[in-house]
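K.L.:
give me a model of this one.
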Amino acid sequence: MARGNGIGTGVVATLTALLLVGCAASASVPTVAADDEPSPAVTTEWTTPTPTPTPTPTRTALHMAGDAGDDVRELQARLKQLQWYAPEITGDYDTLTVEAVTGFQDKRGLPATGEVDQATWDRLVSMTRQPTDDEMHNRLTAGPTIIGPESSADSVRELQARLKQIGWFDGDVTGTYGSVTSSAVAGFQTKRGIPSTGEVDQRTWDRLLAMTRTPTDDEMHNRAQGDGGTTAGLDPRCATGRALCIDKSTRSLRWVVNGSVRMTLDVRFGSELTPTREGAFSVGWKSRDHVSQLYDTPMPYAMFFSGGQAVHYSPDFAANGYNGSSHGCVNVRDKPAIASLFDQVQLGDKVIVYWS
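P.N.:
Here you go, the predicted model:
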């Protein structure tokens, strides 16, 4: 038998296996015995990595319940400018401060947490001015005089006429800033918690404007038109018969009988959400000591003319003037006058509500 080059078949097989193993050194080649089950095929699966979720940024509170100091004083003072905080400024972030902040946030569509974060603070700062040190420490100081003894006659006349509307000035409007005017201004200031100087600063004037209407030229010069006032701007529907003629432009009610104005009263109306209806109505019923079932508030001398809307005396109007509104009724602040009017008005009398 030929031997070839002298290398046996077994040796050749062994060398071949070694060479193959050597070529596949980078791979693992398992040894398989004749009677063993082959190992299952190894498959490689590729999966997309799950992205790491981006954490929601935490809203960092700048001020919160339990804080105290000048920063809280400034916060309270700014909230007070917007009428969200009413009591004296304390510098303590207490329950009232939390409620004020929560209300402010909710009104502006911010998360209502009661804690001041950067968004809340930025919004508050954009809507307010830097409070003074006096404001932050509840010190009331008078501002510069804008109407006083040296002022022009016309500005003093307007001041006196406005004070007269709310019962702080008696007698004729003179245009002279004397002791009577000074006493009236001082009394008005004391009643409203304003430094009582007897002279008008901006705070005093702003409060007076909010509580009164622009006086007519007749009021400023003591000119009476008949017994009850002028017929200027009177709606033609009021010129005949008996009518409560209510002018939204001048915020006045005139009691007119056969074209003669018998009485003129200051009035205020409902807000945009609860407006006083306009048009021609009549007095449907009267209630001397009426109490609202809807709002549980007194409505003395009520004269109903359109559903639940009525002309009636309002203690809130008497106290706060035009710094407020009704729920749709026509408010009167002169109690003796409306008591007299109530006795004169009859069921079926006209009620005309209009803009002149």
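K.L.:
what is the neighbour count of Val311?
P.N.:
Applying other Cβ atoms under 10 Å, we find 28 residues neighbouring Val311. From N, CA and C alone the C-beta is placed, and that goes for glycine too.
K.L.:
got the contact list for it?
P.N.:
244, 246, 253, 267, 302-303, 305, 329-330, 332, 338, 351 (Cβ atoms under 8 Å, 6 or more residues apart in numbering).
K.L.:
just checking: what are the partner strands of the helix or strand that it is a member of?
P.N.:
Taking DSSP states H and E as the definition, one finds Val311 inside strand 309-313. Note on strand 309-313: by DSSP bridges, its sheet partners are strand 298-306 (antiparallel), strand 330-332 (parallel).
K.L.:
buried deepest among these, which one?
P.N.:
strand 330-332 (a mean of 26; mean count of other Cβ atoms under 10 Å).
K.L.:
who's in contact with it?
P.N.:
Residues contacting strand 330-332 (Cβ under 8 Å, 6+ apart): 246, 253, 265-269, 276, 301, 309-314, 316-317, 338, 341, 353.
K.L.:
how about stretch 152-171?
P.N.:
147, 173-177, 180-181, 184-185, 187-188, 200, 208-209, 211-213, 215, 219-221, 266, 321, 333.
K.L.:
again, 7 Å this time
P.N.:
147, 173-177, 181, 184, 187-188, 200, 208, 211-213, 215, 219-220, 266, 321 (Cβ atoms under 7 Å, 6 or more residues apart in numbering).
K.L.:
ok so, going back, ok, and what's touching the helix or strand that the strand holding Val311 is followed by?
P.N.:
Per DSSP H and E, strand 309-313 leads on to helix 315-320 as the next helix or strand towards the C-terminus. Under the criterion Cβ under 7 Å, 6+ apart, residues 211, 268, 324, 331, 333 lie in contact with helix 315-320.
K.L.:
so for helix 315-320, mean pLDDT?
P.N.:
Confidence over helix 315-320 (mean pLDDT, whole number) is 89.
K.L.:
please apply the same query to stretch 196-212.
P.N.:
Rounded mean pLDDT across stretch 196-212 is 93.
K.L.:
what about the helices in the stretch 101-250 of the chain?
P.N.:
118-127, 133-136, 153-165, 179-191, 202-211, 217-220 (DSSP state H, counting those that start in this stretch).
K.L.:
and of these, who's closest to Gly66?
P.N.:
Of all the helices of the stretch 101-250 of the chain, helix 118-127 sits nearest to Gly66, with 17.0 Å by Cβ to Cβ.
K.L.:
which helices and strands does that closest one pack with?
P.N.:
On a contact count with 3 or more Cβ pairs under 7 Å, 6 or more residues apart in numbering; DSSP states H and E, helix 118-127 meets helix 95-107.
K.L.:
CA atoms of the helix it packs on as CSV?
P.N.:
Presented in CSV, the C-alpha positions along helix 95-107 are these (Å, rounded to 0.1, in the frame of the first residue of the first chain):
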residue,chain,number,x,y,z
THR,A,95,-52.3,81.4,56.3
LEU,A,96,-53.7,84.8,55.0
THR,A,97,-50.6,85.2,52.7
VAL,A,98,-51.0,81.6,51.4
GLU,A,99,-54.7,82.4,50.6
ALA,A,100,-53.8,85.6,48.9
VAL,A,101,-51.0,84.0,46.8
THR,A,102,-53.3,81.1,45.8
GLY,A,103,-56.1,83.5,44.7
PHE,A,104,-53.6,85.6,42.7
GLN,A,105,-52.2,82.4,41.0
ASP,A,106,-55.6,81.0,40.2
LYS,A,107,-56.8,84.3,38.7
